[in-house]
Every structure is written in C-alpha cells, then in structure tokens.
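Participant: Here is a sequence with its predicted model. Questions after.
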Amino acid sequence: MGRINPDIDIVADLLKAVLAARPEDAFCKSLWVQYQERGGLSKKQLEGLLGKATAFANVASGKIATLEAIILKKHQKQHSPPPTLSPAPEVADTLGADLEAILQKYATHKRILFLKTKFDNNDLITPAERDEVQRLKKLLLK
C-alpha cells in the first residue's frame, strides 16, 4: 500500500507509543518485530494494536483515526457459507425388490451384485444406475 508521505509512519509511531507505555507487553513486542521484518501488519494485528492504543491517553486521537482508516482499507476475507446438506435420498422400495428379483434368477450377475451392495450400504445410487437396473430387469425378467 503506497503511503502519501513516506516520512510519516503511523503504525510505527503507535507501536512505539504503546511499547513506551507498556514495555513488558509481549504482544506489542511481537508486533514490533513483525513490523520491522515484514514492513507491515495484517488486518487482525492492526485491530489488536488499535485495541491496545485506545487504552492509553497519551496517544493522539488523529493517529488512532488514521489507524482505523488503514484497517478499513485492508482486504476483508470473505468466506463462503458452508454448504447446506441435502437430506438423505429416499430409498425406493421398488429398487430393492427389482435387485432381489434379478438376483433370484441370476445370482452371480456382477453388476447387480455390486448395485445390491451399494443399496444395502445406503450408498448413493445415481439415476443412471437406477435406469440400468430397470433396463436389466426388462431384459432378464421377460
């Protein structure tokens, strides 16, 4: 983020003021180290600094307002809402009966055995697989 006047560093001034008021504060020390190493802070870190800076009376209100403006300029991560879970698919009784009927006549039919296992385990059976069972029922059970 380009600054208008690079000689004025509000974040560094606020960090120094907070560190002068509370030199033992580990959070502010870590913010100072990260600011020196990376040259900036994240939005959450700036919000934490704002919380610390507002607690002290020796910090100018203009610097606090500038920090609030910097925070507002930072990018806000947008998380997509969690996906809604659809209810479990209704198990059609005719599908189970059709599978059983085919297996009565052709007990070793591999595809029907596979679909019967899926049906018994309450796995999702796709519409294409349902159509396949209907097609095989018509072919095999004339």
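Facilitator: Sure thing, it's come through. Numbering: from 1, shown residues only.

Participant: Which residue ranges of this structure form helices?
Facilitator: Secondary structure of the chain by DSSP state H: the helices cover 10-21, 26-38, 43-54, 61-73, 93-105, 110-120, 127-140.

Participant: In stretch 35-52, which residues are buried?
Facilitator: Neighbour counts over stretch 35-52 (16 or more other C-beta atoms under 10 Å) mark 35, 41, 45-46, 48-50, 52 as buried. For glycine as for every other residue, the C-beta is placed from the backbone atoms N, C-alpha and C.

Participant: If you could redo that for stretch 102-114, that was the one I meant.
Facilitator: Buried, per 16+ other C-beta under 10 Å, within stretch 102-114: 102, 109, 112.

Participant: before we move on, back to that, would you format the helices of the chain as CSV with mean pLDDT included?
Facilitator: Supplementary listing: those in CSV, determined by pLDDT from 0 to 100:
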stretch, mean pLDDT
helix 10-21, 89
helix 26-38, 91
helix 43-54, 90
helix 61-73, 89
helix 93-105, 88
helix 110-120, 92
helix 127-140, 90
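
Participant: S86: which of those is closest?
Facilitator: helix 127-140 (14.8 Å; C-beta to C-beta).

Participant: how does this protein divide into domains?
Facilitator: 10-73, 93-140 (automatic domain parsing).

Participant: Quick one: distance of the longest one to the chain centre.
Facilitator: Right, domain 10-73. Taking C-alpha atoms, centre = their mean, to the nearest Å, one finds domain 10-73 lying 28 Å from the centre of the chain it belongs to.

Participant: circling back to that earlier point, will you turn the buried residues of stretch 102-114 into JSON lines that also has distance to I64?
Facilitator: Formatted as JSON lines, these follow (distance: C-beta to C-beta, whole Å):
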{"residue": "I102", "distance to I64": "76"}
{"residue": "H109", "distance to I64": "76"}
{"residue": "I112", "distance to I64": "73"}
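
Participant: how close does T126 get to K52?
Facilitator: Going from T126 to K52 by C-beta to C-beta, to the nearest Å gives 57 Å.

Participant: how far does stretch 30-49 stretch from start to finish?
Facilitator: Taking C-alpha to C-alpha, to the nearest Å, the first and last residues of stretch 30-49 lie 11 Å apart.
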